[in-house]
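Colleague: Structure, please.
(2 chains)
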Amino acid sequence: MEQQNSVHWADIYADKIIREKGDKELYTCASGITPSGTVHIGNFREIISVDLVVKALRQKGKNVRFIYSWDDYDVFRKVPKNMPEPQLLETYLRKPITLVPDTTKRADNYARGNELDVEEKLPIVGVYPEYLYQAQRYRSSLYAEQMKKALELKPQIISVLNQYRAEPLDDSWWPIAVFSSFTDKDNTTILSWDGQYGVTYRDNDLNKEETIDLRTTPYAKLHWRVDWPMRWVYEGVDFEPAGKDHHSKGGSFDTSRQIVEFFGGHAPVSFQYDFISIKGRGGKISSSSGEVVSLGDVLEVYTPELTRFLFASTRPNTEFAISFDLDVLKLYEDYDNCERRYFGLLPCNEKKLAMEKRVYELSQVGDVPKTPGYQIPFRHLCNLLQINSGDVDAVIASLSDVKEDQIERLRTRCRCAWTWITTFAPEDFRFSVATADSEKVALDEEGLKAVRALCSKVASWDGKDEKDLSQLIYDAAAEAGVENTALFTATYMALIGKEKGPKLAGFMNTIGKERVLAVLSKY
RNA sequence: GGGCCAAUAGCUCAGUAGGUAGAGCAACGCCCUUUUAAGGCGUGGGUCGUUGGUUCGAACCCAACUUGGCUCACCA
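Modeller: Here you go, the predicted model:
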């Protein structure tokens, strides 16, 4: 009957998990990635998707374990562009990424550096998985029995994999791989298995042979297509989505769902999430820093709630772009509208309301706030920040109706707005307001007349009423005998050094009479 | 070759359980006799890729097709 209430995909999947896996004491939801480079926002889609489903299951009263697997016993295949000391890293190719040094000096090793980036950011968006480190697990021989089992299952596994392979695997293939104990590299060939725990391999670089014991060796691991289903059983995974590369027919999910049966388990409930693209960062980051956009990068421009909102309001199986361009303005507006509907401040039909409410709830980092945030259009906020040279506290102080419980949220929004306007906004949106100490701008005769007339008009303004000010502006143009356009242009030049700007009356009102006069009176 | 996704207003896209087609931008108009980039209100604009089918009713479900994109058939 719960299904009746489920309108959001996260709830629908939670229902599906309960339906297909039965009533359980504990549901295990899993996600994971190989930290072989910067973990990007596309990888985050999987994490947040699982988090949303976890949240949904918990709200249905279920006990849930959310695990995140760092597949960090993988091979270092190539040196990413723009890593420090590439020639040093080069010497570590073919070793496990946990044995590669972190040349950025963030962490003990290369994999750990990439992991830390994520682990430090996830709490900001309210995501708290239990991290499982596969290198540590394999190296402590935790999976010895499972590897033995896989060796026993070799013929069945090969027959599954061969259904889709262009070049069939033959008997010389083994479900495990071995790193050389001499070099740590994976350039090895398995020669034989003794039917128990003994595996003999040859180091192809040194042409040396060695026999290892799966119960004690740190060097053996399962191949991915066997490793994944093994861990489904080991952890009892009930739900794990995956990218489209895994979910294609013949992809790793497809073979894993068959192989997992050999291990005595069943495939988890899953769905395919699509990739995400990036929009509006062209030329803004130096091309030398690469194209990768991380969760941290997104959080520079989107508040934690907005970041969750991007994913909670989008169906996971469709591609979408994370924008750093003008779409940012619209997305903040969308979020604010969603919030207003949640709090009943914006009319909305019933069907849409149910969805909007759920999206809003799922977008929150912690508990759902009792009151809406301070809703100020993003673009207006950008202008206020520019008027105040990025001084967040000054901007908040200038907004007299901000309530106590809105300040923190607003502060975060201000920081995002400032990053956006200074880093990603089109040139047209940017300005800085002159001060009494600024250099004067060269104006022609007409412009000077206009500015002087405006200055004396503004002096008689009460400093509050925008309508009055608007009238004064036109009066000034008439008095100076210049075209309105000439006055606007000259005034913008004097105030912000550009020919155009925000609507003048409101703009001057925001800047404040005193400061406007301080600038204009110099002319 | 297999699989998945998309095609809706001039543009970018919503439409997440079949019930009279939506938003933002752009355009135009108004709030404001007045030319400028913040706010608000309003107007115009779509045979929902094509053809069939199911249904009282289809953008939505089914089948086929057209066009575009991604992905697997290496590794993980």
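
Colleague: For the rest of this, base every contact and every neighbour count on C-alpha atoms.
Modeller: Fine.

Colleague: what helix or strand is residue A:410 on?
Modeller: Using DSSP states H and E, residue A:410 sits in helix A:407-419.

Colleague: correct me, but residue A:378 touches residue A:332?
Modeller: Yes. Contact criterion C-alpha atoms under 8 Å: residue A:378 and residue A:332 qualify, at 6.5 Å.

Colleague: Low-confidence ranges, chain A, go.
Modeller: Residue ranges of chain A with pLDDT under 70: A:1-5, A:282-291.

Colleague: which residues in it form strands?
Modeller: Under the criterion DSSP state E, strands of chain A are mapped to A:27-33, A:64-70, A:130-133, A:176-178, A:188-193, A:198-203, A:208-213, A:220-222, A:242-243, A:272-273, A:276-279, A:320-323.

Colleague: got CSV for these, with distance to residue A:57 too?
Modeller: Shown next, in CSV, are these (distance: least, C-alpha to C-alpha, whole Å):
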stretch, distance to residue A:57
strand A:27-33, 9
strand A:64-70, 7
strand A:130-133, 17
strand A:176-178, 35
strand A:188-193, 44
strand A:198-203, 43
strand A:208-213, 42
strand A:220-222, 31
strand A:242-243, 19
strand A:272-273, 19
strand A:276-279, 25
strand A:320-323, 26
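
Colleague: ranking those strands by burial, who's on top?
Modeller: strand A:220-222 (a mean of 24; mean count of other C-alpha atoms under 10 Å).

Colleague: Show which residues not belonging to it make contact with it.
Modeller: A:73, A:138-139, A:147, A:175-179, A:214, A:227 (C-alpha atoms under 8 Å, 6 or more residues apart in numbering).

Colleague: 10 Å instead?
Modeller: Residues outside strand A:220-222 that contact it (C-alpha atoms under 10 Å, 6 or more residues apart in numbering) are A:73-74, A:134-135, A:137-139, A:141, A:143-144, A:146-147, A:150-151, A:174-181, A:186, A:199, A:212-214, A:227-228, A:230.

Colleague: right, and residue A:505 touches residue A:473 too?
Modeller: Yes. Residue A:505 lies in contact with residue A:473 (C-alpha atoms under 10 Å); the separation is 7.7 Å.

Colleague: Looking at these two, which is more packed in?
Modeller: residue A:473 (24 against 18; other C-alpha atoms under 10 Å).

Colleague: now whatever residue of chain A ends up closest to RNA strand B: how far from residue A:513?
Modeller: In chain A, the residue that lies nearest RNA strand B is residue A:507 (2.0 Å; C-alpha to the nearest atom of the strand). Distance, residue A:507 to residue A:513, by C-alpha to C-alpha, to the nearest Å: 11 Å.

Colleague: do the same with residue A:73
Modeller: Counting by C-alpha to C-alpha - residue A:73 and residue A:513 are separated by 64 Å.

Colleague: burial of residue A:514, as a residue count?
Modeller: Residue neighbour count, defined by other C-alpha under 10 Å, stands at 13 for residue A:514.

Colleague: so what's the residue nearest to the spatial centre of chain A up against?
Modeller: Residue closest to the mean C-alpha point of chain A, counted by C-alpha atoms, centre = their mean, is residue A:295 at 3.1 Å. When contacts are counted by C-alpha under 10 Å, 6+ apart, residue A:295 touches A:39-45, A:117-118, A:121-122, A:125, A:302, A:307.

Colleague: Show me these that map onto helices.
Modeller: Among these, the residues falling in helices (DSSP state H) are A:41-45, A:117-118, A:121, A:307.

Colleague: Can you tell me which of the residues you listed are buried?
Modeller: Neighbour counting with 16 or more other C-alpha atoms under 10 Å marks A:41-45, A:117-118, A:307 as buried within these.

Colleague: how about JSON lines for the residues you listed, with distance to residue A:435 added?
Modeller: Formatted as JSON lines, those follow (distance: C-alpha to C-alpha, whole Å):
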{"residue": "A:41", "distance to residue A:435": "41"}
{"residue": "A:42", "distance to residue A:435": "44"}
{"residue": "A:43", "distance to residue A:435": "46"}
{"residue": "A:44", "distance to residue A:435": "44"}
{"residue": "A:45", "distance to residue A:435": "45"}
{"residue": "A:117", "distance to residue A:435": "41"}
{"residue": "A:118", "distance to residue A:435": "42"}
{"residue": "A:307", "distance to residue A:435": "36"}
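
Colleague: For residue A:32, state which of those residues is nearest.
Modeller: residue A:43 (8.7 Å; C-alpha to C-alpha).

Colleague: I'd say that closest one and residue A:277 touch.
Modeller: No. With contact defined as C-alpha under 10 Å, residue A:43 does not reach residue A:277; the gap is 11.6 Å.

Colleague: picking that back up, now for residue A:378 and residue A:332: what residues contact both?
Modeller: Common neighbours of residue A:378 and residue A:332 (C-alpha under 10 Å, 6+ apart) are residue A:413.

Colleague: so where do the helices sit in the stretch 201-350 of chain A?
Modeller: Secondary structure of the stretch 201-350 of chain A (DSSP state H, counting those that start in this stretch): helices at A:224-235, A:244-247, A:252-262, A:295-301, A:304-312, A:327-342, A:350-363.

Colleague: how far away is residue A:165 from residue A:259?
Modeller: Residue A:165 sits at a distance of 15 Å from residue A:259 (criterion: C-alpha to C-alpha).

Colleague: now swap in residue A:117 and tell me
Modeller: In terms of C-alpha to C-alpha, residue A:117 sits 33 Å off from residue A:259.

Colleague: before we move on, back to that, let me have the contacts of residue A:295 in TSV, adding distance to residue A:245 as columns.
Modeller: As requested, the contacts of residue A:295 are arranged in TSV below (distance: C-alpha to C-alpha, whole Å):
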residue	distance to residue A:245
A:39	17
A:40	16
A:41	16
A:42	13
A:43	12
A:44	16
A:45	14
A:117	24
A:118	22
A:121	26
A:122	24
A:125	26
A:302	28
A:307	24
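
Colleague: From those, pick the one nearest residue A:493.
Modeller: Using C-alpha to C-alpha, residue A:302 is the member of the contacts of residue A:295 that sits closest to residue A:493, with 32.1 Å.

Colleague: quick one: which two of the buried ones among the ones in helices among the contacts of residue A:295 are the most distant?
Modeller: A:117 and A:307 (16.7 Å).

Colleague: how about the residues of the stretch 351-500 of chain A that lie near RNA strand B?
Modeller: A:351, A:355, A:377, A:379-380, A:383-384, A:428-431, A:471, A:474-475, A:483-485, A:488, A:498, A:500 (C-alpha under 7 Å from any atom of the strand).

Colleague: Out of those, which end up buried?
Modeller: Buried among those by 16+ other C-alpha under 10 Å: A:355, A:379, A:383-384, A:430-431, A:474-475, A:484, A:488, A:498, A:500.

Colleague: Just the ones of the residues you listed in helices?
Modeller: Short answer: those in helices (DSSP H) are A:355, A:379, A:383-384, A:474-475, A:484, A:488.

Colleague: Closest to residue A:422 out of the residues you listed?
Modeller: Of all these, residue A:383 has the smallest distance to residue A:422: 11.1 Å, by C-alpha to C-alpha.

Colleague: is it true that the closest one touches residue A:429?
Modeller: Yes. Residue A:383 lies in contact with residue A:429 (C-alpha under 10 Å); the separation is 8.2 Å.

Colleague: Could you name every residue contacting both of these two?
Modeller: A:421, A:502.

Colleague: returning to what we had before: okay, the buried ones among the residues of the stretch 351-500 of chain A next to RNA strand B in JSON lines with distance to residue A:220 next?
Modeller: Shown next, in JSON lines, are these (distance: C-alpha to C-alpha, whole Å):
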{"residue": "A:355", "distance to residue A:220": "48"}
{"residue": "A:379", "distance to residue A:220": "55"}
{"residue": "A:383", "distance to residue A:220": "58"}
{"residue": "A:384", "distance to residue A:220": "59"}
{"residue": "A:430", "distance to residue A:220": "57"}
{"residue": "A:431", "distance to residue A:220": "60"}
{"residue": "A:474", "distance to residue A:220": "81"}
{"residue": "A:475", "distance to residue A:220": "84"}
{"residue": "A:484", "distance to residue A:220": "79"}
{"residue": "A:488", "distance to residue A:220": "74"}
{"residue": "A:498", "distance to residue A:220": "66"}
{"residue": "A:500", "distance to residue A:220": "67"}
